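Need a 3D model of the following:
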Amino acid sequence: MSVDLSLCTQCHCLAARRRARAVTRHFEAALRRHGLRATQFSILAALALGGAMKMGALARRLGLERTTLTRSAALLERDGWVRI
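The predicted model follows:
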């Protein structure tokens, strides 16, 4: 079975994801010297703007799964950026 995927070259979703990855690479290059990833910086920024909050509330604010946030927060705690 042959599937024509030529229309995918005009897909807005694929283009947006490609751009998002480019933006992430740009910011991660700048954050690298601080030992941070873009996702970790987002967590720190949300805490700086919203103050201390429970994991569930922070996960909702960031649009993350709680388990994903827990793993990232553990790395931030290990490196001395936050206290859980």
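
Gly80 and Thr67: what is the separation?
The spacing between Gly80 and Thr67, counted by CB to CB, to the nearest Å, is 23 Å. (C-beta placed from N, C-alpha, C; glycine too.)

Ignore what I typed, I meant Cys11.
Between Cys11 and Thr67 the computed distance is 30 Å (CB to CB).

which residues touch Ser76?
You called it Ser, but residue 76 is Leu. Each residue near Leu76 by CB atoms under 8 Å, 6 or more residues apart in numbering is listed here: Gln40, Ile43, Leu44, Val82.

what about the longest helix in this structure?
helix 12-31 (DSSP state H).

Output the contacting helices and strands for that helix.
Contacts defined by 3 or more CB pairs under 8 Å, 6 or more residues apart in numbering; DSSP states H and E place helix 12-31 against helix 38-50.

quick one, phi/psi of Leu5?
phi -110, psi 20 (degrees, to the nearest 10).

And it, how far from Lys54?
Taking CB to CB, one finds Leu5 at 44 Å from Lys54.

for Arg78, same thing?
Distance of Arg78 to Lys54, given as CB to CB: 20 Å.

hang on, isn't Arg37 packed against Ala30?
No - the criterion here is CB atoms under 8 Å, and Arg37 misses it with Ala30 at 11.4 Å.

ok, the two, which is more surrounded?
Per other CB atoms under 10 Å, whichever of Arg37 and Ala30 has more neighbours is Arg37, with 17 against 11.

excluding its backbone neighbours, what's nearest that one?
If the residues on either side of it in the chain are set aside, Arg37 comes closest to Glu28, at 6.0 Å by CB to CB, 6 or more residues apart in numbering.

you'd agree that neighbour is up against Ala38?
Yes - in this structure, Glu28 is within contact of Ala38 by CB under 8 Å, at 5.1 Å.
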